[in-house]
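Participant: test case, fold it:
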Amino acid sequence: MDNIQQIIEPLLKQIEEKEKEVLELKKAVNQVCVALKGDPRFKDTESTAGLIPDNIRPDQFFGQSLSYSVRKILEMRGTAMSAREIEEKLMIGGFDFPSDWKANQLKNLAITMAKNSAMIATLKSGNATYYGLLDWYPEKKKEREKKKNNSIKQNANEESSETETNPVVDENVTDIDETESQDA
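Facilitator: Next up is the predicted model:
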């Protein structure tokens, strides 16, 4: 019987490794689908036990910032998540939500993540909204940088046109006509 166990054990490890590879491929396909505004192709990645480690400590996010905690959860998952899924993992990890969020905690979390466009990409898929790390979506990152650069250029143009139409007046310089009329 021990000989059989010795034979089976390496085979079981190979199966586990292959399942992880397949899961990673499924998650990658889902990410592409969501990024292209489609529905995720594989539903079974959500319920797979290995998707997020069950070893989130009950104090893992206590005292941590929201952005740090969300980043860690998304890194653990390796794919975009809904606000509800992120909220659940934050609560499991002991994140201390602001007390004024209690009535609309999920809504406030979603709004805060959507506003944090420097780190988080907001992905729409039908009626569903997912949040992923911006680094995972190079096209979204380029789009954000382009908007940022256009905004900087627009602000610079507005500032230069304001200086052209409103010249700076030095109050210490008197008008020539004014001095001449005082001398007379």
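Participant: which stretches in the chain count as helices?
Facilitator: 2-35, 66-77, 83-92, 105-115, 138-165, 176-183 (DSSP state H).
Participant: so for residue 98, which of the ones you listed sits nearest?
Facilitator: helix 105-115 (7.8 Å; C-beta to C-beta). The way it works is simple: take the backbone N, C-alpha and C, and place the C-beta from them, glycine included.
Participant: which residues sit against that closest one?
Facilitator: For helix 105-115, contacts defined as C-beta atoms under 8 Å, 6 or more residues apart in numbering pick out 66, 70, 83-84, 86-87, 90, 97-98, 101, 120, 122, 129, 131.
Participant: what residue is smack in the middle of this structure?
Facilitator: residue 120 (1.2 Å; C-alpha atoms, centre = their mean).
Participant: sketch out the low-pLDDT regions of the protein for me.
Facilitator: 1-2, 44-54, 153, 159-184 (pLDDT under 70).
Participant: circling back: the residue nearest to the centre of the chain reaches residue 137, doesn't it?
Facilitator: No. Applying C-beta atoms under 8 Å as the test, residue 120 and residue 137 come out as separate, 10.2 Å apart.
Participant: circling back to that earlier point, can you tell me which of the helices of the chain is nearest to residue 42?
Facilitator: Short answer: helix 2-35, nearest of these by C-beta to C-beta, at 4.1 Å.
Participant: by contact count, what packs against the closest one?
Facilitator: strand 120-125, strand 128-133 (3 or more C-beta pairs under 8 Å, 6 or more residues apart in numbering; DSSP states H and E).
Participant: could you export these as JSON lines, including distance to residue 31?
Facilitator: Formatted as JSON lines, the helices and strands packed on helix 2-35 follow (distance: least, C-beta to C-beta, whole Å):
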{"stretch": "strand 120-125", "distance to residue 31": "9"}
{"stretch": "strand 128-133", "distance to residue 31": "7"}
